[in-house]
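Enquirer: sequence plus predicted model, see below.
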Amino acid sequence: MKKTLVLVSAILMGTGLFAQIGPGWGIKAGLNYNGNGDYFNSAEQAFENPDRNTGLHVGVWGKLGNRLYFRPELVYTSTSSGYNEGDLKIQKLDAPMLVGAKIIGPLHAFAGPSFQLLLNTEFDGNDFDDVENDLTVGLNLGAGVNLGNFGIDLRYERGFSENEVNFINSNITTLDGDRVDTRPDQLILSFSLKL
């Protein structure tokens, strides 16, 4: 009985130590795997060229609440999508507005809209028309683990509306002819630190 009580106490104390406590703010950074348009087709190509559809992000976050929380973030994201003719590179500012809840111990889940402002879009050696919309809205859905002030989360992001780049005088052949969809469709792995 005494061993069981010690074991239960140790588990409860360990869970309390590993759960990020209360409101605060911090920094985050990580890796993105993205596709433009057909995500699963892009994922298939990633096995052939794993460095083609990767990117990175860095930013800040805040958190209000404890068991149920609101977590706004401001994140600079740089992605690259590989095509036979070259790479489509996109730099943007993301502002996810996440609502989350602790599930058990250090595990939490979250979801919410993400507002994206395209800063720069370029394709190797090709001119293109303006992107239809510089400001778009997407959805983030994910889960994470907080270990003290350190956190790891994995999320899926998808844009809600179509947003295409039209190329002029190019030899690019995609499924849509000379258009490439710039909607984010990503798996995002983030590492965060509460300050």
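Expert: Great, that's in hand.
Enquirer: so Val75: helix, strand or coil?
Expert: Following DSSP: H, G, I helix; E, B strand; the rest coil, we place Val75 in the strand state.
Enquirer: where does this protein have low pLDDT?
Expert: Along the chain, segments meeting pLDDT under 70 span 1-21, 35-52, 83-85, 124-133, 161-184.
Enquirer: can you rerun that using 50?
Expert: 5-20, 127, 168-169, 172-177 (pLDDT under 50).
Enquirer: downstream neighbour of the longest strand seen in the chain in the secondary structure list?
Expert: Counting by DSSP state E, the longest strand found in the chain is strand 86-104. Counting by DSSP states H and E, the next helix or strand C-terminal to strand 86-104 is strand 107-123.
Enquirer: so which elements touch that next one?
Expert: strand 86-104, strand 135-147, strand 150-159 (3 or more CB pairs under 8 Å, 6 or more residues apart in numbering; DSSP states H and E). Every C-beta, even on glycine, is put in place using the N, C-alpha and C of the backbone.
Enquirer: residue contacts, the closest residue to Phe150 other than its chain neighbours?
Expert: Leaving aside its chain neighbours, Phe150 sits nearest to Leu193 (6.0 Å; criterion: CB to CB, 6 or more residues apart in numbering). Leu193 is in contact with 26-28, 149-151, counting by CB atoms under 8 Å, 6 or more residues apart in numbering.
Enquirer: same question for Leu107.
Expert: With the criterion set at CB under 8 Å, 6+ apart, Leu107 makes contact with 143-145.
Enquirer: for it, give the beta-bridge partners.
Expert: Note on Leu107: beta-bridge partners by DSSP bridges are Ile104, Val145.
Enquirer: distance-wise, check it relative to Tyr33.
Expert: For Leu107, the distance to Tyr33 equals 22 Å [CB to CB, to the nearest Å].
Enquirer: and Gly112, how many neighbours?
Expert: The number of residues packed near Gly112 is 17, by other CB atoms under 10 Å.
Enquirer: and it, how close does it get to Val99?
Expert: Per CB to CB, Gly112 is found 5 Å from Val99.
Enquirer: show residues contacting stretch 61-75.
Expert: Defining contact as CB under 8 Å, 6+ apart, one finds that stretch 61-75 is touched by 20-28, 57-60, 93-102, 110, 192, 194.
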